[in-house]
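Participant: coords below, sequence missing:
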Ligand SMILES: Cc1cc2nc3c(=O)[nH]c(=O)nc-3n(C[C@H](O)[C@H](O)[C@H](O)COP(=O)(O)OP(=O)(O)OC[C@H]3O[C@@H](n4cnc5c(N)ncnc54)[C@H](O)[C@@H]3O)c2cc1C
């Protein structure tokens, strides 16, 4: 079953691929295979947690701190912060406590190495007629008749591996299939209708169908295979052309002073239908983890940037703006400030203002904690709004309501504005809201305000973390 972006569903059993075949079309130039698999006949012993680490130094982990490698760490606990709600389209939000093997500051991020779902991998192994060889080791080599100049073995595949291992840990299965790949898949089915469908979908003439099925309805590579049940691409072709399964970044949502650097917390949201690869994996692992037998995830610390709150920031002011799970890093900022204030009571502390938006009051993460921080003056100002319910309200509207105050506070030399939102669109609307505040408070034109925002960014007074 495929879930469309509008919430409806598309059933592969009911979908007739024949309806998408044009009478005339020219297929895109197909991708070709340049690799061969050489099976050794040996069975692989159980696969380790971090398979991609076996690829050697040629393989980088994006934004990894220079001194650190991905490591398996224990899941120490998990807690549902927000329950999913169909009526308001609220996503389930979970807080995960992990063992930590490195130093960090609030605002830092970790990379989490995902793995594909066992059921999906088994299904694909079956389709590729590799169930019997699923755990047999092989190595890759360039095909004898390889026509491509500079053809290379993919850096994200270990020298010796097995079909199950690479389909689980190294290759992305949920990706948007490009036209050249579709054209190549047409060559791997014995069914005429499927072949015509795939070839046609890759053509310029069927651009409208590609737009509709792939870009709008969101059919991914595995969905296409489900639709074309006779399509059996060779594993060597998939190893060459499927993208690498990449780590996903998550913000640390606590202060190291709370856990003595021994633990860290991350907060993630899960799509109700068609959850993502990493969030789905985290959900499954969290469910299986017990204090006696904790499950593990592979993580690494990412390089820090200016989006963090350290001891040096205790005397400065912050304007924190977040939507939804975007509050996660600020929970770390504020917990850190609270701890530092207690440790250094004689130290002058700056003021923190927080603007947070969520679909409903229940969807505001750690609402009680936020109110307690307001009580104890860790937070001087706390503004919350909810986009669903009786009176729709957005963060931009809250900012506009106190534009003069906000701009005055922002322009103080010791104030820094931090914005964290899960999506470029939200981040852009809030930036527009801030521009309106500048226009209103400082009597600027739209152009002048946008120049000033740019300047604030250059000066490091406006720092953004956008989760794409
Ligand atoms: C610097 C940075 C920090 C981040 N910090 C966090 C964090 O603290 N918490 C957090 O939850 N995420 C965070 N993200 C996003 C995170 O890295 C993943 O992109 C997200 O969890 C989905 O990963 P996935 O592998 O489950 O989904 P994929 O398999 O990659 O999902 C495919 C597509 O499904 C959609 N999708 C999947 N899950 C969601 C979701 N929950 N909400 C909306 N769309 C979704 C997306 O469109 C995505 O492109 C951060 C991103 C960046 C760049």
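Facilitator: In hand now; what should we look at? All of these numbers come straight from a predicted model, not from anything done at the bench.

Participant: What parts of the stretch 151-300 of the chain come near the ligand?
Facilitator: Residues of the stretch 151-300 of the chain lying close to the ligand (CB under 6 Å from any ligand atom) are 174, 248-251, 266-271, 276-279. Using the backbone N, CA and C atoms, a C-beta is placed for each residue, glycine as well.

Participant: What residues are bridge-paired with residue 90?
Facilitator: Residue 90 forms beta bridges with residue 85, as assigned by DSSP bridges.

Participant: is it true that it touches residue 82?
Facilitator: Yes - contact criterion CB atoms under 8 Å: residue 90 and residue 82 qualify, at 6.4 Å.

Participant: Need the per-residue pLDDT for the nearest residue to residue 156 once chain neighbours are set aside.
Facilitator: Excluding its sequence neighbours, the residue lying closest to residue 156 (CB to CB, 6 or more residues apart in numbering) is residue 244, at 4.1 Å. If you check residue 244, the pLDDT there is 98.

Participant: re earlier: which neighbours do residue 90 and residue 82 have in common?
Facilitator: 362-363 (CB atoms under 8 Å, 6 or more residues apart in numbering).

Participant: So which of these two has more stuff around it?
Facilitator: residue 82 (23 against 20; other CB atoms under 10 Å).

Participant: Can you give me the neighbour number for the residue in the stretch 301-450 of the chain that the ligand sits nearest to?
Facilitator: Closest residue of the stretch 301-450 of the chain to the ligand, CB to the nearest ligand atom: residue 328 (4.3 Å). Using other CB under 10 Å, residue 328 has 30 neighbouring residues.

Participant: ok, it - contacts?
Facilitator: Contacts of residue 328 by CB under 8 Å, 6+ apart are 250-251, 253, 266-267, 365, 420.

Participant: same check, this time on residue 412
Facilitator: The contact partners of residue 412, taken as CB under 8 Å, 6+ apart, are residue 317.

Participant: if we can go back for a sec, didn't the residue nearest to residue 156 look like it was pressed against residue 171?
Facilitator: Yes - here residue 244 reaches residue 171: they are 7.1 Å apart, a contact under CB under 8 Å.

Participant: coming back round to it: could you flag which of the residues of the stretch 151-300 of the chain next to the ligand are buried?
Facilitator: 174, 248-251, 266-270, 277-279 (16 or more other CB atoms under 10 Å).

Participant: How much space separates residue 114 from the ligand?
Facilitator: Using CB to the nearest ligand atom, to the nearest Å, we find residue 114 at a distance of 5 Å from the ligand.

Participant: What residues of stretch 98-107 count as buried?
Facilitator: Buried residues in stretch 98-107 (16+ other CB under 10 Å): 98-100, 102, 104-107.

Participant: And for stretch 18-28, what's in contact with it?
Facilitator: By CB under 8 Å, 6+ apart, the surrounding residues in contact with stretch 18-28 are 179-180, 182-183, 186, 193, 196-197, 199-206, 209, 213.

Participant: now stretch 115-133
Facilitator: 39, 134, 163-164, 167-169, 171, 173-174, 222, 225, 229, 232-235, 238, 245, 277, 280-281, 284.

Participant: ok and the residue in the chain nearest the ligand?
Facilitator: In the chain, the residue that lies nearest the ligand is residue 276 (1.9 Å; CB to the nearest ligand atom).

Participant: Low-confidence ranges, the stretch 351-468 of the chain, go.
Facilitator: Low-confidence segments of the stretch 351-468 of the chain, defined by pLDDT under 70: 389-392.

Participant: can you map out the strands along it?
Facilitator: Secondary structure of the stretch 351-468 of the chain (DSSP state E, counting those that start in this stretch): strands at 352-358, 381-386, 415-421, 462-466.

Participant: for those, which one sits closest to residue 112?
Facilitator: Closest approach to residue 112 among the strands of the stretch 351-468 of the chain (CB to CB): strand 462-466, 16.3 Å.

Participant: That closest one vs strand 415-421, what angle?
Facilitator: Interaxial angle, strand 462-466 versus strand 415-421 (axes from the mean of the first three to the mean of the last three CA atoms, to 10 degrees): 10 degrees.

Participant: which helices and strands sit right next to strand 462-466?
Facilitator: Where contact means 3 or more CB pairs under 8 Å, 6 or more residues apart in numbering; DSSP states H and E, strand 462-466 is packed against strand 415-421, helix 424-442, helix 446-458.

Participant: Could I get the ones you listed in CSV, plus columns for distance to the ligand and mean neighbour count?
Facilitator: Converted to CSV, those look like this (distance: least, CB to the nearest ligand atom, whole Å; neighbours: other CB atoms under 10 Å):
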stretch, distance to the ligand, mean neighbour count
strand 415-421, 8, 23
helix 424-442, 10, 18
helix 446-458, 17, 15
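
Participant: which stretch among these comes nearest residue 297?
Facilitator: Shortest separation from residue 297 across the helices and strands packed on strand 462-466 is recorded for strand 415-421, at 22.4 Å, computed as CB to CB.

Participant: how many neighbours does residue 381 have?
Facilitator: For residue 381, the neighbour count with other CB under 10 Å is 16.

Participant: ok, now residue 371?
Facilitator: Here the number of neighbours of residue 371 (other CB under 10 Å) works out to 14.

Participant: dump the residue contacts of it.
Facilitator: Residues counted as contacts of residue 371 (CB under 8 Å, 6+ apart) are residue 382.

Participant: Renumber starting at 667 from here on
Facilitator: With the count now opening at 667, the last piece we talked about shows up as residue 1037.

Participant: and this structure, what are its domains?
Facilitator: Domain segmentation of the chain under automatic domain parsing yields 668-716+783-907, 728-781+913-967, 977-1132.

Participant: Please produce TSV containing these, extended by distance to residue 722.
Facilitator: TSV is the format used below for these (distance: least, CB to CB, whole Å):
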stretch	distance to residue 722
domain 668-716+783-907	8
domain 728-781+913-967	12
domain 977-1132	32
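
Participant: Name the single longest strand found in this structure.
Facilitator: Secondary structure of the chain read by DSSP state E shows that its longest strand is strand 737-748.
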